[in-house]
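Participant: sequence unknown, structure follows:
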């Protein structure tokens, strides 16, 4: 009950602050517009959007802790991921902390969401920095780990990790360390030893939930005055690593090709109205439905649809994944973009998304949504152009 009270109290505190920032900004925007002072509203919009972004980050961390967040797992080369973050580590910790990386040769890939692993690693680096106010060493290490059978008489790396092959990621600092009572609660949400206002208490809990949801294990070793090591074990992926695009590489939204049809299926009226408005402004022909059954009737009418954009959780007995399956029974090559504010288990099967299907997490920036749709449809157009060119070359002269 103490843990539940800590969780609900932390949630109420953080969300009430965020809602105050949003509602206050909206009131000021309305007031300034009535006064004819429209030139002043931009800064209030910025304040409201900052609160929205913080609220989204908070819900994502809570879902990570509860192992209910939406993941986009890919076969990930963690050495490449760590190498791409080294400059960020240096900027984050400052000149007083010496960051060293030791990356194993021929490191095994692991199947995980690379963006969430980046977030988890950055959280661990920030925690290490805060544990060394006077500076010190920070080591980030990767290793291939084979955990042997833990039956009597068999050697093992640790009794807390089942036998198997793992990609090991280790973050070690020379900081203040933690006593046993703090270690016992370190993964609890909203538990923090930092002064009020200097920590949410969600960093380690988010890391723990993400690793668990990815089929891995996270261990914490520390002694007061002796530093801390956080060990992450993620299952080995048998196969090559995917070519993961760096963050921020999404294409900019562009005007739609004439006649491109998008079916939007979303039960939340406010969300559906905004999406339809944005896509219509970009030049798409937009069809809309409020639930899976209504969406299916549009699909079965045999009207042309280039992309299905559907919420995962829909009322009426048919979720977004079931709707997508029915749509692809009519048009096997139909592109599908799922939207979700919760877990993607209903949309993702066997740990990965099928070809031609992608997922976005609510809330999202409208330009990011437009860019994602354009990117999915642009790939289709590239394939059509390439296919036409090949056909032309193959034709007799």
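Facilitator: Thanks, I have the structure now. Quantities reported herein were computed from a predicted structural model and do not represent experimental measurements.

Participant: Let me see the domain layout of the protein.
Facilitator: Listed domain ranges for the chain are 2-65, 74-235, 261-391 (source: automatic domain parsing).

Participant: Okay, now the unreliable bits of the protein?
Facilitator: Across the chain, residues meeting the criterion (pLDDT under 70) sit at 1-13, 60-71, 149-159, 188-203, 243-258, 342-353, 379-397.

Participant: who wins for proximity to residue 241 among the domains of the chain?
Facilitator: domain 74-235 (3.8 Å; CB to CB). Every residue, glycine included, has its C-beta placed from N, CA and C.

Participant: Adding distance to residue 242 and mean neighbour count, write the domains of the chain out as JSON lines.
Facilitator: Converted to JSON lines, the domains of the chain look like this (distance: least, CB to CB, whole Å; neighbours: other CB atoms under 10 Å):
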{"stretch": "domain 2-65", "distance to residue 242": "21", "mean neighbour count": "15"}
{"stretch": "domain 74-235", "distance to residue 242": "4", "mean neighbour count": "17"}
{"stretch": "domain 261-391", "distance to residue 242": "10", "mean neighbour count": "17"}
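
Participant: Packing partners of the lengthiest strand in the chain?
Facilitator: Longest strand in the chain by number of residues (criterion: DSSP state E): strand 136-147. Packing partners of strand 136-147 (3 or more CB pairs under 8 Å, 6 or more residues apart in numbering; DSSP states H and E): helix 78-93, strand 97-102, helix 114-130, strand 164-173.

Participant: List the strands paired with that strand, with their directions.
Facilitator: strand 97-102 (parallel), strand 164-173 (antiparallel) (DSSP bridges).

Participant: Dump those strands to TSV, plus distance to residue 374.
Facilitator: As requested, the strands paired with strand 136-147 are exported to TSV (distance: least, CB to CB, whole Å):
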stretch	distance to residue 374
strand 97-102	37
strand 164-173	34
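
Participant: Out of the ones you listed, which is closest to residue 212?
Facilitator: Between these, strand 164-173 lies closest to residue 212; by CB to CB that is 13.8 Å.

Participant: quick one: contacts of that closest one?
Facilitator: 78, 82, 107-110, 121, 124-125, 128, 131-132, 136-147, 216, 227-236 (CB atoms under 8 Å, 6 or more residues apart in numbering).

Participant: Check stretch 76-90 too.
Facilitator: With CB under 8 Å, 6+ apart, stretch 76-90 has contacts from 99, 101, 103-104, 107, 109-112, 114, 117-118, 121-122, 125, 138, 140, 142, 167, 169, 234, 237, 241-242, 244, 246.

Participant: Next: stretch 132-144.
Facilitator: 78-79, 82, 89, 93, 96-104, 106-108, 121, 125, 128-129, 165-176, 227, 236.

Participant: Between helix 78-93 and the longest strand of the chain, find me the angle.
Facilitator: 160 degrees (axes from the mean of the first three to the mean of the last three CA atoms, to 10 degrees).

Participant: how far is strand 136-147 from where the chain is centred?
Facilitator: Relative to its parent chain, strand 136-147 has a centroid offset of 24 Å by CA atoms, centre = their mean, to the nearest Å.

Participant: Over to stretch 25-37?
Facilitator: Stretch 25-37 sits 34 Å away from the centroid of its parent chain (CA atoms, centre = their mean).

Participant: One more: stretch 168-177?
Facilitator: That offset, for stretch 168-177, works out to 25 Å (CA atoms, centre = their mean).

Participant: can you give me the end-to-end distance of that stretch?
Facilitator: 21 Å (CA to CA, to the nearest Å).

Participant: before we move on, what about stretch 34-44?
Facilitator: Per CA to CA, stretch 34-44 runs 15 Å from first to last residue.

Participant: Using the three-state scheme, assign residue 317.
Facilitator: Classification of residue 317 using DSSP: H, G, I helix; E, B strand; the rest coil returns coil.

Participant: Please report the distance of it from residue 102.
Facilitator: According to CB to CB, to the nearest Å, residue 317 stands 53 Å off from residue 102.

Participant: Same check on residue 366?
Facilitator: 42 Å.

Participant: for residue 94, same thing?
Facilitator: Taken as CB to CB, the span from residue 94 to residue 102 is 21 Å.

Participant: Also residue 209?
Facilitator: Residue 209 is 27 Å from residue 102, by CB to CB.

Participant: Also residue 175?
Facilitator: Applying CB to CB to residue 175 and residue 102 gives a distance of 19 Å.

Participant: swap in residue 185?
Facilitator: 30 Å.

Participant: Spit out the contact partners of residue 217.
Facilitator: Contacts of residue 217 by CB under 8 Å, 6+ apart are 160-161, 211, 232-233.

Participant: Also residue 94?
Facilitator: Residue 94 touches residue 129, counting by CB under 8 Å, 6+ apart.

Participant: can we see that at 10 Å?
Facilitator: 129, 132, 135 (CB atoms under 10 Å, 6 or more residues apart in numbering).

Participant: The first one against residue 228, yeah?
Facilitator: Read it as residue 129. No - checked against CB atoms under 10 Å, the pair residue 129 and residue 228 is beyond contact range at 11.9 Å.

Participant: got any residues that touch both of those two?
Facilitator: 173, 175.

Participant: mind checking how far residue 232 is from residue 111?
Facilitator: 14 Å.

Participant: those strands in the chain, which residues are they?
Facilitator: 74-76, 97-102, 110-112, 136-147, 164-173, 217-222, 228-235, 261-265, 285-289, 307-311, 335-340, 357-361.

Participant: Same list (those strands) but as TSV, adding distance to residue 51.
Facilitator: Formatted as TSV, the strands of the chain follow (distance: least, CB to CB, whole Å):
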stretch	distance to residue 51
strand 74-76	31
strand 97-102	31
strand 110-112	30
strand 136-147	32
strand 164-173	31
strand 217-222	30
strand 228-235	30
strand 261-265	26
strand 285-289	29
strand 307-311	24
strand 335-340	21
strand 357-361	18
